[in-house]
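> sequence and predicted structure below; questions after.
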Amino acid sequence: MLNVSSLKLYYQVRGGTVKAVDEIDFNLEKGRTVAIVGESGCGKSSTANAILRLLPRNVNTYTGKVLLQGRDLMEMKDDEFRREVAWKKISMVFQGAMNSLNPVLKVGDQVAEPLIVHSSASKAEAAKRMSEALQLVRLPSSAAQRYPHELSGGMKQRAVIAMSLIANPEIVILDEPTSALDVITQANIMNTLKTLRKELGLSYIFITHDLALASELADSLAVMYAGKIVEYGAAEGMYTDPKHPYTQKLLESVPTLRTDKKPGFIPGAPPDLFNPPAGCRFQPRCPYAMEVCGQEPPAAEVDGHRVLCWLHAKR
C-alpha cells in the first residue's frame with residue numbers, strides 16, 4: 001500500500017541543519033504493521049510527520065518518494081493532500097493523548113471534528129459516525145459528553161484512536177500510543193489495536209522505543225538510529241537473529257523472564273543530529289567498529305534483512 005523511498009527531512013536551526021530523517025526506505029502492505037523502533041531522538045516521530053506532511057516552519061530539506069497505492073504523495077499540492085489524503089487515507093494517533101485533546105471541548109465534538117473538517121459530512125452524520133467510532137474502541141456512549149479531564153488515561157487514548165478512525169482511513173500511524181500508561185492499560189490498548197486491524201483491515205505504522213511492545217503488533221521491523229534505518233526486515237527474524245550491532249544491543253537491553261541472562265547496555269549516547277559522525281553513525285558506540293566504518297556503509301541484504309553495516313557489506 002505504502003512505499004517510502006529516499007525520504008529526507010532536515011530542520012534548519014540556529015547555526016546549521018538537523019538531519020532528522022536521512023534517506024530512509026520501507027514498505028507497508030495492506031492489513032500489516034511495520035514498527036519503527038529506536039532510541040528517543042532518532043527521527044521516528046519526524047518520519048511520521050514527513051509522511052503526513054505535518055511540517056514545522058523551519059524545514060530545510062523535504063525530499064524523497066512516498067507512494068500510496070502507486071501515487072506519489074510528494075508531488076501533490078498541500079490543499080490537494082489535505083483534501084484527498086489527510087485523515088481519509090492516512091491518519092495519526094499522536095504521542096500523549098492528553099496533549100492531543102482540547103481540555104475545554106467535549107470529547108465527542110473533538111472525535112467528530114476531523115470528519116467535519118475533511119469531508120462534507122453534516123453535524124448529524126458526524127455525530128452518528130462519532131458514536132460508531134467510540135463503540136469500535138470500546139468506549140461507552142456517555143464518554144462523548146465528557147471533558148478530557150473526566151476520562152482515565154486509557155479512555156483518553158481510546159478517544160484519540162477513535163478520532164483517527166472517524167474518516168475510515170486505510171493507514172493509521174501510531175506514535176507511541178501507549179506511552180505514560182500502566183502495563184494493564186497498555187495491554188488493553190494493544191488488544192484493541194489488534195482487533196481493529198482484523199475487523200477493519202487497517203494497516204499500521206507503529207512507532208515505539210519499546211521492542212517488547214513492538215513484538216505484539218509488528219509484522220516487519222525498521223530499526224532507526226540517528227536519522228537512518230540501519231536494519232529492516234521481517235519482525236520474527238529480527239527478534240531471533242538480528243544482524244546490525246545496534247539491533248543486537250537493543251535486544252540485549254530487554255529483560256527476559258525465562259533466563260538468568262543479565263540485560264546489556266549500549267555505551268555512550270546517541271549522536272547529535274546537528275553534527276552526526278561521518279560514515280556509520282553507530283561507529284562511536286559499536287563494539288565491532290573498523291577503520292572502514294568512517295565511510296558511509298552500503299545497504300547489504302542478509303537473510304532477508306536490509307542492513308547498513310560494513311560487517312555484512314564486506315562479507
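Perfect, I can see it now. Numbering: from 1, shown residues only.
> tell me the domain boundaries of the chain?
For the chain, automatic domain parsing gives the domain ranges 2-89+169-314, 100-165.
> show me where the protein has strands.
Taking DSSP state E to define them, one finds strands in the chain at 2-13, 16-28, 33-37, 59-68, 71-72, 90-93, 171-175, 203-208, 220-225, 228-234, 299-302, 305-308.
> could I get those as CSV with mean neighbour count, mean pLDDT and distance to residue 112?
From N, CA and C alone the C-beta is placed, and that goes for glycine too. Shown next, in CSV, are those (neighbours: other Cβ atoms under 10 Å; pLDDT from 0 to 100; distance: least, Cβ to Cβ, whole Å):
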stretch, mean neighbour count, mean pLDDT, distance to residue 112
strand 2-13, 18, 95, 27
strand 16-28, 19, 94, 28
strand 33-37, 26, 96, 27
strand 59-68, 16, 95, 25
strand 71-72, 12, 94, 28
strand 90-93, 25, 94, 14
strand 171-175, 23, 95, 18
strand 203-208, 24, 95, 23
strand 220-225, 25, 95, 33
strand 228-234, 23, 95, 36
strand 299-302, 15, 90, 44
strand 305-308, 22, 92, 41
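> which one of those strands lies closest to residue 82?
Between residue 82 and the strands of the chain, the shortest gap by Cβ to Cβ is with strand 90-93, which sits at 11.3 Å.
> tabulate the CA atom coordinates of the closest one in PDB.
Taking C-alpha atoms only, strand 90-93 is exported to PDB below (Å, rounded to 0.1, in the frame of the first residue of the first chain):
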ATOM      1  CA  ILE A  90      -3.800   8.200   6.300                       C
ATOM      2  CA  SER A  91      -4.500   9.300   9.900                       C
ATOM      3  CA  MET A  92      -2.400   9.500  13.000                       C
ATOM      4  CA  VAL A  93      -2.600   8.800  16.700                       C
END
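> report all helices and strands that it contacts.
helix 44-52, helix 153-165, strand 171-175 (3 or more Cβ pairs under 8 Å, 6 or more residues apart in numbering; DSSP states H and E).
> ok, residues contacting the second one?
Yep, that's helix 153-165 we're talking about. The contact list for helix 153-165 (Cβ atoms under 8 Å, 6 or more residues apart in numbering) reads 87, 91-94, 97-98, 100-101, 107, 110-111, 113-114, 130, 133-134, 136-139, 143, 148, 151, 172, 177-178, 180-182, 185, 188-189, 192-193, 196, 200.
> recalculate using a threshold of 6 Å.
Residues outside helix 153-165 that contact it (Cβ atoms under 6 Å, 6 or more residues apart in numbering): 91, 93, 97, 100, 107, 111, 133-134, 137, 139, 148, 172, 181, 185, 189.
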